[in-house]
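**Student:** generate a structure from the sequence data that follows.
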Amino acid sequence: MPDGKDGFLTYFAGRIEQFPQMHAEIKRAGADDDLVWLHTHFKAEPDARGTAVINIFRMEDGKLAEHWGAGQPVPETSVHGNDMF
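**Tutor:** Down below sits the predicted model:
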């Protein structure tokens, strides 16, 4: 994703164009000092299993200064009986 507000908006406009039915549900959120994190369930299409995503943001002067993210496809089954959320 390009730096800055315009880069952020352009990136997500492209994602919405590519996946008009996409949806992200925030499952957990937290903050500590200048760090904020979101654990979300992202689906590009309504019937998809989707992806578990973690986004971590560093804030500076009330704005996003840095971002880190990782995602993992939601499996159909798990060996331990727990789901991703």
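**Student:** kindly list the main-chain dihedrals of the residue most central in space within the chain?
**Tutor:** Centroid-nearest residue in the chain: residue 53, 4.8 Å away (criterion: Cα atoms, centre = their mean). Per-residue torsions, residue 53: phi -130, psi 140 (degrees, to the nearest 10).
**Student:** quick check: it vs residue 85, distance?
**Tutor:** 11 Å (Cβ to Cβ, to the nearest Å). To be clear about C-beta, it is placed using only N, CA and C from the backbone, and glycine gets the same treatment.
**Student:** what do those two both touch?
**Tutor:** 39, 41 (Cβ atoms under 8 Å, 6 or more residues apart in numbering).
**Student:** circling back: residue 24 is in contact with the residue nearest to the centre of the chain, correct?
**Tutor:** Yes: in this structure, residue 53 is within contact of residue 24 by Cβ atoms under 8 Å, at 7.4 Å.
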